[in-house]
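Q: Everything below, folded, please.
(one chain, ligands or ions: 1)
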Amino acid sequence: MSRERVDGILASLLRLSRAVDGTLREGAAAVGLTPAQAETLRFAARTRPDMATVGQLARVLGVRHATAVGIVEPLVERGVLERRPHPYDGRRRVLALTPSGRRLLARLERVAAELRRELEGLDRTSLERLELGLGALVDTLRRSGLLVVAAPCAGCAHFRPNAAPGTKAPHRCALIERYLSEAESRMLCPEHTPAA
Ligand code: SF4
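A: Numbers count the residues shown, from 1 in each chain. Next comes the predicted model:
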């Protein structure tokens, strides 16, 4: 592909990222949050409880641990986020939404709905091409370490599906060396490593 075409795609991506960032920033500000705080609430809501640590949050946000702590603290003080004991490791704590955090997140998600409507307005072929192209770009950025994408277990190199058939936790993760229920394996994990 010619350099001009690549430059054109890059310019479109930058414009898009500014537009999406602006919309999300506005939505977050409307409920008194910074974009990073809004992302932290989404992280706490969607990440599997045993993976929702501040360390993983730092990876997902692409910031240092101390910065992630600085993002979390005001949310804890505001009563929308709390630290809970880790379900399997007594030395660690995980992040979880409080009931008022869940209500705040629901308000935030209405902003994302606006972006969803714009996407739904595209024809099917454009959507499929976009999905393919963006998927490839996300994959490249993830492989080069510029992006951490939390994803369910399916397709992860560490996933051993149906390792204990007929049990309540039939799947196994070779990374954390633990059996997982069907529901757990469907939740988002920031350690997801695409199988080659
Ligand atoms: S590392 Fe992979 S297999 Fe293990 S819990 Fe995370 S997504 Fe699932």
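
Q: ok, now how distant is R59 from H158?
A: Distance, R59 to H158, using C-beta to C-beta, to the nearest Å: 16 Å. Placement of C-beta: from N, CA and C, glycine included.

Q: Over to H171?
A: Distance from H171 to H158, counting by C-beta to C-beta: 11 Å.

Q: Tell me which of these two has more neighbours.
A: Legend: neighbour count by other C-beta atoms under 10 Å for H171 and H158, higher for H171 (22 against 16).

Q: Tell me who's in contact with the more buried one.
A: Contacts for H171 (C-beta atoms under 8 Å, 6 or more residues apart in numbering) come out as 153, 159-164, 179-182, 184-185.

Q: Show me what it bridges to in the sheet.
A: L180 (DSSP bridges).

Q: just use 16 as the starting number from now, easier for me
A: In the new numbering, first residue 16, that becomes H186.

Q: For stretch 119-139, list every residue counted as buried.
A: In terms of neighbour count (16 or more other C-beta atoms under 10 Å), stretch 119-139 has its buried residues at 119-120, 123, 126.

Q: In CSV: those, plus pLDDT, secondary structure and distance to P64.
A: Listed next are those as CSV, based on pLDDT from 0 to 100; DSSP: H, G, I helix; E, B strand; the rest coil; distance: C-beta to C-beta, whole Å:
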residue, pLDDT, secondary structure, distance to P64
L119, 93, helix, 19
L120, 92, helix, 16
L123, 86, helix, 20
V126, 74, helix, 25
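
Q: So which of those residues is the closest to the ligand?
A: The ligand has its nearest neighbour among these in L120, at 22.6 Å by C-beta to the nearest ligand atom.

Q: Near R79, how many other residues are there?
A: Using other C-beta under 10 Å, the number of residues around R79 comes to 10.
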